[in-house]
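Student: sequence and predicted structure are below.
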Amino acid sequence: MITTIKIDGKTYQLIADGISQTLRLRVAVERELLGFYRLDTVEKLLTPTELAEQLQQERQQADKLTEYLRSQGVDPDSLS
């Protein structure tokens, strides 16, 4: 479990359960990083590295689809 701190006015208060109602997030220690989870969906917010990896994968998938369409005689640029 992680102890987090929130600022209340000009003072800091401990958040013993790792949940910030203000941010609507739960904070958890994951190896050497902190993980942030939305309270409403329990979805983990991706780190910048994870976001970059996801973007790279999406680009690769788009490139493969473009290549496939062209191999089938379809010009992907003509699709709306």
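Tutor: Happy to help now that I have it.

Student: in contact with the residue nearest to the spatial centre of the chain, which residues?
Tutor: For the chain, the residue sitting closest to the mean C-alpha position, by CA atoms, centre = their mean, is L46 at 2.4 Å. L46 is in contact with Q54, counting by CB atoms under 8 Å, 6 or more residues apart in numbering. C-beta coordinates here come from the backbone N, C-alpha and C atoms, glycine included.

Student: now the residue of the chain positioned farthest from its centre. Its backbone dihedrals?
Tutor: Farthest-out residue of the chain from its mean C-alpha position, per CA atoms, centre = their mean: G73, at 36.6 Å. When read as degrees, to the nearest 10, the backbone of G73 gives phi 80, psi 20.

Student: now do S71
Tutor: Torsion angles, degrees, to the nearest 10, at S71: phi -70, psi -20.

Student: that one and K64, how far apart?
Tutor: Noted for S71: a distance of 10 Å to K64, by CB to CB, to the nearest Å.

Student: who's in contact with D75?
Tutor: L69.

Student: against K64, how distant is it?
Tutor: Taking CB to CB, one finds D75 at 16 Å from K64.
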